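S.K.: sequence first, then the predicted structure:
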Amino acid sequence: MKEEFRAFISNFPFLKTDEVEIIVEHTVVKEFKKGTILLKEGMICKECYAVIRGCVREYYIKNGLEKTTAFFTEGQSVNSFSSYTNQVPSKHFLECSEDCLLTVGNQSLVDQMCERIPRLTEFIKNEVEKDAGELQERMASFMISSPEERFADLMNNNPSLMNRVPQHQIASYLGVTPELLSRIKKRIYLKK
C-alpha cells in the first residue's frame, strides 16, 4: 500500500524525494472494501481522504431514495467540508463504490506535514481553491444544462465512470431516471 502511495505522491513534481518520504512515512493509507460507508448522515466528519485507487460516492437520502451528488476518483480529495470544518452532523453519506485505497488524515496531520514541509501550505490552499472552483462550475453547469448535456459532459470528462458504478447511480447523479438515462445514451450513440 505504501509503495502505491509513494508512486502516487511522486507525481507531484514540486516535491523533493526527501519530502515524498516524509509524507509517505507519516500518512495513513488504508484499503476499504466496496460498500464501506466512510461517513453517515448525522455523523460528525472527523477524517478527510484522498483517493489513490478506487471511487467514492457522495449521496443524500431524500424521501427514502438515494440521490448521488458526486463521485471522487483517483487523485481527488474526499471530505465533508461543512461537517469537518464546523464539527456539525453531516447531511450526506460517503460510500466506497469500489474497493478503494485511500489516505486517511485529519487537521493535526495536515498541520504536522505543513510544519515539516512549509511549501505544502500553499499547495493545499491552491488545491482547496481549485476543488471549490470545480464544484462551483459543476453546480452551475448542472443547473443550466439539459440531461443530455450533463451526460455528454460526463462522457467527456470522466467516461470510465460509466463502467465503474451502477447505472442507477449515474442516473441519480445526472438528475434523471434510469429509463431516461437509457434513452439519452441510445440517442447519443445513434448520433455517432
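M.R.: Yep, it's here. Numbering: from 1, shown residues only.
S.K.: now the strands for the protein?
M.R.: With strands called from DSSP state E, the chain shows them at 28-32, 37-39, 48-53, 56-62, 65-72, 77-78, 93-96, 100-105.
S.K.: got the buried residues for the fifth one?
M.R.: Of the residues in strand 65-72, 68, 69, 71, 72 count as buried by neighbour count, 16 or more other C-beta atoms under 10 Å. Using the backbone N, CA and C atoms, a C-beta is placed for each residue, glycine as well.
S.K.: quick one, longest helix in this structure?
M.R.: Determined from DSSP state H, the single longest helix within the chain is helix 119-144.
S.K.: can you list the domains in this protein?
M.R.: Following the assignment in automatic domain parsing, the chain carries domains at 2-144, 145-192.
S.K.: the spatially most central residue of the chain and residue 83: what is the separation?
M.R.: Closest to where the C-alpha atoms of the chain average out (C-alpha atoms, centre = their mean) is residue 72, at 2.3 Å. Separation of residue 72 from residue 83 (C-beta to C-beta, to the nearest Å): 16 Å.
S.K.: just for the chain, where's the confidence low?
M.R.: Low-confidence segments of the chain (pLDDT under 70): 192.
S.K.: about what we covered before: nearest to residue 162, of the buried residues of strand 65-72?
M.R.: residue 71 (10.9 Å; C-beta to C-beta).
S.K.: quick one: contacts for residue 94?
M.R.: Applying C-beta atoms under 8 Å, 6 or more residues apart in numbering, we find residue 94 in contact with 37, 38, 39, 49, 56, 57, 58, 78, 80.
S.K.: can you turn the buried part of these into a PyMOL selection?
M.R.: Buried members of those, defined by 16+ other C-beta under 10 Å, are picked up in PyMOL with:
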select buried, resi 38+39+49+56+57+58+78+80
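S.K.: residue 126: which of the contacts of residue 94 is nearest?
M.R.: For the contacts of residue 94, the nearest to residue 126 is residue 78 (17.9 Å; C-beta to C-beta).
S.K.: I'd say that closest one and residue 54 touch.
M.R.: No - between residue 78 and residue 54 there is no contact under C-beta atoms under 8 Å: 10.3 Å.
S.K.: overlap of the contact sets of the two?
M.R.: By C-beta under 8 Å, 6+ apart, the residues touching both residue 78 and residue 54 are residue 102.
S.K.: one step back: and the contacts of residue 94 as a markdown table, adding distance to residue 109?
M.R.: Output for the contacts of residue 94, formatted as a markdown table (distance: C-beta to C-beta, whole Å):
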| residue | distance to residue 109 |
| --- | --- |
| 37 | 22 |
| 38 | 16 |
| 39 | 18 |
| 49 | 12 |
| 56 | 19 |
| 57 | 24 |
| 58 | 22 |
| 78 | 15 |
| 80 | 17 |
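S.K.: just the closest of the contacts of residue 94 to residue 174, please.
M.R.: residue 57 (13.6 Å).
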